[in-house]
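Trainee: Need a 3D model of the sequence below.
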Amino acid sequence: MTPEAFFQGIEALAVVVGVAFAIIQLGHYRRDKHREEALELLHSFQTPAFAQALNIVYNLPDGLSKDEIEAVVGDDFHIIYALLTTWESVGILVHRGELDIDMVEDFFGGPILISWRKLEGHVTGEREMLERDTIEEWFQWLVERMQEIESDTPPVPAHIAHKDWKSCASS
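Mentor: Numbering: from 1, shown residues only. Alright, predicted model coming up:
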């Protein structure tokens, strides 16, 4: 083997090792990004106002109109409006690939679907009043994606789906 062939072999091996290292690092980056995304999502919603908004929404009867919702909620409507814009923002972030839809579904699938069921009349009323169909469009888009997920695989509570789970740390 000539010295040139030897060094070309070393060079090719270095390129292969470099590419393999880059692929491994990319996998670590994606995993770390996914973890950071999950923690950020969790922290951003752990506020008293968010919990209060969900509590108000959960206690609304189904099928109320915009005016009826505003009358029932009264002075606390600003909290509900913040919830609506939060779901709108989550929809945009999912659509743009900034948030993983499966993670959003795990964290908030139920609250998102219940919020839509309870607040759809308000959204419809806002669209009609403002003559703008783009009001809460990404919230509706997100709801429709969640409904598709649940139509393919009905939700199974975590305590049932993962009842046999074992911690990696306990191994």
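Trainee: all strands for this protein, in order.
Mentor: Secondary structure of the chain, counting by DSSP state E: no strands present.
Trainee: what's the pLDDT at the spatially most central residue of the chain?
Mentor: With distances taken as C-alpha atoms, centre = their mean, the residue of the chain nearest its centroid is residue 104 (2.5 Å). You'll see residue 104 listed with a pLDDT of 89.
Trainee: and the gap between it and residue 44?
Mentor: 12 Å (C-beta to C-beta, to the nearest Å). C-betas here are computed from N, CA, C, even on glycine.
Trainee: With residue 8 instead?
Mentor: In terms of C-beta to C-beta, residue 8 sits 53 Å off from residue 44.
Trainee: ok so, going back, quick check: the residue nearest to the centre of the chain touching residue 90?
Mentor: Yes - contact criterion C-beta atoms under 8 Å: residue 104 and residue 90 qualify, at 6.1 Å.
Trainee: what is in contact with these two at once?
Mentor: 112, 142 (C-beta atoms under 8 Å, 6 or more residues apart in numbering).
Trainee: What residue spans form the domains of the chain?
Mentor: 1-35, 47-157 (automatic domain parsing).
Trainee: Give me whichever of these is most buried.
Mentor: domain 47-157 (a mean of 16; mean count of other C-beta atoms under 10 Å).
Trainee: all helices of the chain, in order?
Mentor: 3-45, 48-58, 66-73, 77-95, 101-130, 137-152, 158-161 (DSSP state H).
Trainee: Tabulate these (a markdown table), appending distance to residue 167.
Mentor: Output for these, formatted as a markdown table (distance: least, C-beta to C-beta, whole Å):
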| stretch | distance to residue 167 |
| --- | --- |
| helix 3-45 | 17 |
| helix 48-58 | 28 |
| helix 66-73 | 42 |
| helix 77-95 | 29 |
| helix 101-130 | 18 |
| helix 137-152 | 27 |
| helix 158-161 | 15 |
